[in-house]
Structure formats: C-alpha cells, structure tokens
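**Q** Pasted the sequence and its predicted model underneath.
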Amino acid sequence: NLSPKGLCLLVKEDSAVLAHLKVGDIVDMKYYKADYSRSGKYMRTQIRYITKDEEGRFKGHYKVGISVPEAEDCPA
C-alpha cells in the first residue's frame with residue numbers, strides 16, 4: 001500500500017505488463033496469505049488508476065491502483 005489513494009502495485013516503467021493494463025480493466029489476480037499456509041486464491045481485481053512516479057523513491061515506476069471488492073468479504 002504505497003498510495004494515499006489506497007492499494008496499489010508498483011510496476012517498472014519498462015515492464016511489458018503495462019501494455020496489457022488499462023484503467024477500468026477487470027483481471028483475475030492470485031492472492032496469497034502472508035504465511036503461505038494455504039494455496040492462493042484468485043479474485044477479480046479492478047485497475048483503478050495508472051500513475052507514473054516522476055521523482056522520489058519510486059522514480060521510474062508506475063503505481064497501478066487496484067480495487068478488490070471481494071476482499072472485503074474475506075476473513076483476515
């Protein structure tokens with residue numbers, strides 16, 4: 001969680017994945033619990049924003065904001 005807007009992924013500016021993501025897209029992403037005690041779970045994830053960091057700690061990267069509505073129903 002690097003963004004004050006919420007959850008986001010950090011992606012290098014030269015990553016091929018950026019060509020496949022657009023704001024509003026819904027993708028199935030696999031999530032794992034921190035202790036890896038269980039196999040991962042696929043959840044529908046919406047791309048909310050894609051913003052390039054021009055300066056600071058993450059210069060040369062994009063912040064890809066995501067929303068996982070299904071996660072609100074999952075126990076921690």
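**A** Sure, I can see it.
**Q** So, low pLDDT: which residues of this structure?
**A** Within the chain, the segments meeting pLDDT under 70 span 1-5, 71-76.
**Q** which element is the residue lying farthest from the centre of the chain on?
**A** Distance to the chain centre peaks in the chain at Ser37, reaching 21.8 Å (criterion: C-alpha atoms, centre = their mean). Following DSSP states H and E, there is no helix or strand that holds Ser37.
**Q** My read is that Val64 contacts Lys52, right?
**A** No - counting by C-beta atoms under 8 Å, Val64 does not reach Lys52; the two are 10.5 Å apart. Where you see a C-beta, it was placed from the backbone N, CA and C, and this is true even at glycine.
**Q** how about the strands of the protein, start to end?
**A** 8-12, 26-31, 41-53, 61-67 (DSSP state E).
**Q** Can you list the helices and strands that the last one packs against?
**A** Contact analysis of strand 61-67 by 3 or more C-beta pairs under 8 Å, 6 or more residues apart in numbering; DSSP states H and E lists strand 8-12, strand 41-53 as its packing neighbours.
**Q** quick one: contacts for the most centrally placed residue in the chain?
**A** In the chain, the centroid-proximal residue (C-alpha atoms, centre = their mean) is Leu9; its distance is 3.7 Å. Taking C-beta atoms under 8 Å, 6 or more residues apart in numbering, we find Leu9 in contact with Lys63, Val64, Ile66.
**Q** This completes my enquiry, with thanks.
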